[in-house]
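K.L.:
sequence first, predicted coordinates after that:
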Amino acid sequence: MFFNIKVPDKKALLKELDSFGYSERMKKIAIMGRDNNSSKQYLNVLSSLLEDGSYEAHLALTGASVTNNVEILLSALKHRMVSVRKKAAGLFAKAASNDDIVKVIDDLSQDCRRCLLRNITKINRQELAERLIPLVYSRWGAHEAAFLLPACSKETVEKYLWDIGHVISSWHILACKYLDVVSDYFKTSLEKASLREKTYIWWSFSTAIHQLCKLKPDFILDCAINIGPKDIIHPLLKKNLGILVRKCPEKVFNLIVQNELRKELLSGGIPDALLKNIKYLTKDQWIGLGKLLAQKPEHIAKLLHHIAPSNREDVFEAVYEKETRKELVFPEPLLYELPHKLRDSEAVRMLGLRQINENRAKTYAIASCPDIDSSREMLQTAAYSSNADERAQALVWLIRSTALSRHGIDETLTFLCRIKNEQDPVRSAVFAEVCCTKIRFCNYDS
């Protein structure tokens, strides 16, 4: 596509642009501005475009942004269309001098003024921001002064933060530039807040918490442990426990095991972010967490799942001592996480308990946990039940027991051939379990 270097009049220009899409029109007017920066004819075309509607005015603003023409932008600030005035205010922040902006800001509407202030911060005009912030704060209040704060120097931020910090909704830029100032303000706000308000203070600093966790983990953990809220682990902190435990494992452990958090720990278990990074804690700390969660075996199962198999027996034996677990019944998910020998011995012990023997379904479920050689006969016998649901469940347990044992696959597959004469619900349950099993049931070499 070739553009004429000569500047056409407004009518000819608009006719030429009619054949282009929107982006090509803006590109055309920008290239004309680049090639005719000092051309009086080009400036006259921009001025005449501003006299028309929104479309023509936006063309003029595009040209003015390329040439940094303050006069065109000043004229656009008085345009009858709001969208044109707001765009002109944003461009004015980049093109105009400090004195021009100070002169104009009083005459702008609230929307245009806020657009101007945001763009001053966006392009980081620190000198202008320092000059404007006392004026903006005194005339239009804390909300609008807060727009300028990220562009100011550290000294200015320290001076005004205590007056306007309560209206700041996004702390990310300030936290990246002046983390020490933000952390001091956060701690002071947390100390002054009532017990009910402490949770809100954490939420109000949500955009800075991640930065604080990465760069000042000791500080953020001290605030959580010593200041609170102490009855919960705040969701923002819980989300970042993975980062914190890598840098301060001891303090993270001290946070989790606080007496005030015992109820939350028992109801929700160890936070997922911490479980995924549990290797950064010591074995003694694993055991300490396990003892706190001993009443909830399902949480112990999750803990063991994230621990190396070689350490699981030591942790389990420390949490549930041999004498104290004689009458305990553990759920199957916990048994599945135990090493083979320990799982076999626990399953055999539980099969001898009265509460297990009185429940046929529970008996078969526990029977699927020991080695397949010892449980195969019982489970295959259960697969001949007259009840279709019981047959399906027995076959599922047979598959699961084989997968846990990691041998006896051929015998199990041979037995499963009988499902070709089974009802659809039974076959469906078998296929679903085979698909979910983590070991390979198919021998591709045969």
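P.N.:
Noted; the coordinates are in hand.

K.L.:
what separation is there between Leu379 and Glu191?
P.N.:
Leu379 is 62 Å from Glu191, where distance means Cβ to Cβ, to the nearest Å. (Glycine included, C-beta is placed from N, CA and C.)

K.L.:
the more surrounded of those two?
P.N.:
Set Leu379 next to Glu191 and count neighbours by other Cβ atoms under 10 Å: Leu379 wins out with 24 against 13.

K.L.:
from memory that one sits against Ala365, does it?
P.N.:
No. Using Cβ atoms under 8 Å, Leu379 is not in contact with Ala365, being 10.1 Å away.

K.L.:
shared neighbours, those two?
P.N.:
Taking Cβ atoms under 8 Å, 6 or more residues apart in numbering as the criterion, Leu379 and Ala365 both touch Trp397.

K.L.:
give me the nearest residue to His166, chain neighbours excluded.
P.N.:
Ala142 (7.4 Å; Cβ to Cβ, 6 or more residues apart in numbering).

K.L.:
ok, the one you found - contacts?
P.N.:
So Ala142 contacts Asp163, Ile164, His166, Val167 (Cβ under 8 Å, 6+ apart).

K.L.:
go on, Leu335?
P.N.:
By Cβ under 8 Å, 6+ apart, the neighbours of Leu335 are Arg343, Glu346, Ala347, Ile366, Cys369.

K.L.:
tally of neighbours for Asn68?
P.N.:
Per other Cβ under 10 Å, the neighbour tally for Asn68 reads 14.

K.L.:
setting the sequence-adjacent residues aside, check what's closest to it.
P.N.:
Ala95 (4.3 Å).

K.L.:
what of Ile123?
P.N.:
Lys94 (5.7 Å).

K.L.:
check Leu46 too.
P.N.:
Nearest non-adjacent residue to Leu46 (Cβ to Cβ, 6+ apart): Ala60, at 4.4 Å.

K.L.:
same check, this time on Leu149
P.N.:
Nearest residue to Leu149, sequence neighbours excluded (Cβ to Cβ, 6+ apart): Val157, at 5.9 Å.

K.L.:
in what helix or strand does that neighbour lie?
P.N.:
Take DSSP states H and E as the rule and Val157 turns out to sit in helix 154-164.

K.L.:
what packs against whichever helix or strand comes after that helix?
P.N.:
Moving toward the C-terminus from helix 154-164, the next helix or strand (DSSP H and E) is helix 172-177. For helix 172-177, the packing partners by 3 or more Cβ pairs under 8 Å, 6 or more residues apart in numbering; DSSP states H and E come out as helix 179-192, helix 206-215.

K.L.:
now with 7 Å, please.
P.N.:
Packing partners of helix 172-177 (3 or more Cβ pairs under 7 Å, 6 or more residues apart in numbering; DSSP states H and E): helix 206-215.

K.L.:
what lies in contact with the helix it packs on?
P.N.:
Contacts to helix 206-215, defined as Cβ atoms under 7 Å, 6 or more residues apart in numbering, come from residues 170-172, 175-176, 179, 182-183, 219-220, 236, 240, 243-244.

K.L.:
which residues make contact with the helix or strand just after that helix from outside it?
P.N.:
Using DSSP H and E, the helix or strand that follows helix 206-215 in sequence is helix 217-226. Defining contact as Cβ under 7 Å, 6+ apart, one finds that helix 217-226 is touched by 183, 187, 190, 212-213, 237, 244, 247-248, 251-252, 254-255.

K.L.:
let's have those residues in JSON lines, adding neighbour count and distance to Ser385.
P.N.:
Output for these, formatted as JSON lines (neighbours: other Cβ atoms under 10 Å; distance: Cβ to Cβ, whole Å):
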{"residue": "Ser183", "neighbour count": "20", "distance to Ser385": "65"}
{"residue": "Lys187", "neighbour count": "17", "distance to Ser385": "65"}
{"residue": "Leu190", "neighbour count": "19", "distance to Ser385": "62"}
{"residue": "Leu212", "neighbour count": "22", "distance to Ser385": "60"}
{"residue": "Cys213", "neighbour count": "22", "distance to Ser385": "55"}
{"residue": "Leu237", "neighbour count": "22", "distance to Ser385": "51"}
{"residue": "Leu244", "neighbour count": "24", "distance to Ser385": "52"}
{"residue": "Lys247", "neighbour count": "16", "distance to Ser385": "56"}
{"residue": "Cys248", "neighbour count": "20", "distance to Ser385": "56"}
{"residue": "Lys251", "neighbour count": "18", "distance to Ser385": "55"}
{"residue": "Val252", "neighbour count": "27", "distance to Ser385": "50"}
{"residue": "Asn254", "neighbour count": "14", "distance to Ser385": "53"}
{"residue": "Leu255", "neighbour count": "21", "distance to Ser385": "51"}
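
K.L.:
which one of those is nearest Ala30?
P.N.:
Leu212 (42.5 Å; Cβ to Cβ).

K.L.:
state the distance from the closest one to Tyr22.
P.N.:
Note on Leu212: its distance to Tyr22, by Cβ to Cβ, is 43 Å.

K.L.:
could I get the average pLDDT for stretch 323-334?
P.N.:
Mean per-residue pLDDT for stretch 323-334: 89.

K.L.:
now do that stretch: distance from first to last residue.
P.N.:
By Cα to Cα, to the nearest Å, the extent of stretch 323-334 from end to end equals 19 Å.

K.L.:
start the count at 56 instead of 1 going forward.
P.N.:
Renumbered: residue one is now 56, and that last one reads stretch 378-389.

K.L.:
buried residues in it?
P.N.:
Across stretch 378-389, burial judged by 16 or more other Cβ atoms under 10 Å covers Arg380, Phe385, Glu387, Leu389.

K.L.:
show me which of the contacts of Ala197 are buried.
P.N.:
The neighbour count (16+ other Cβ under 10 Å) marks Ile219 as buried among the contacts of Ala197.

K.L.:
just to revisit the earlier point, give me the three-state assignment for the residue nearest to Ile178.
P.N.:
Following DSSP: H, G, I helix; E, B strand; the rest coil, the label given to Lys149 is helix.

K.L.:
which residues touch Trp452?
P.N.:
Applying Cβ under 7 Å, 6+ apart, the residues near Trp452 are Tyr419, Ala420, Ser423, Leu434.

K.L.:
for the residues you listed, which two are the farthest from each other?
P.N.:
Farthest-apart pair in those is Ala420 and Leu434; separation 10.1 Å (Cβ to Cβ).

K.L.:
quick revisit: distance between the helix holding Val212 and the chain's centre?
P.N.:
30 Å (Cα atoms, centre = their mean, to the nearest Å).

K.L.:
list the contacts of it.
P.N.:
By Cβ under 7 Å, 6+ apart, helix 209-219 touches Glu185, Ile188, Tyr192, Ala197, Ala200, Ala201, Leu204, Leu229, Tyr233, Val236, Tyr240.

K.L.:
just the buried positions in stretch 333-343, please.
P.N.:
Those would be Ile333, Tyr335, Leu336, Gln340, Trp341, Ile342, Gly343, for stretch 333-343 by 16+ other Cβ under 10 Å.
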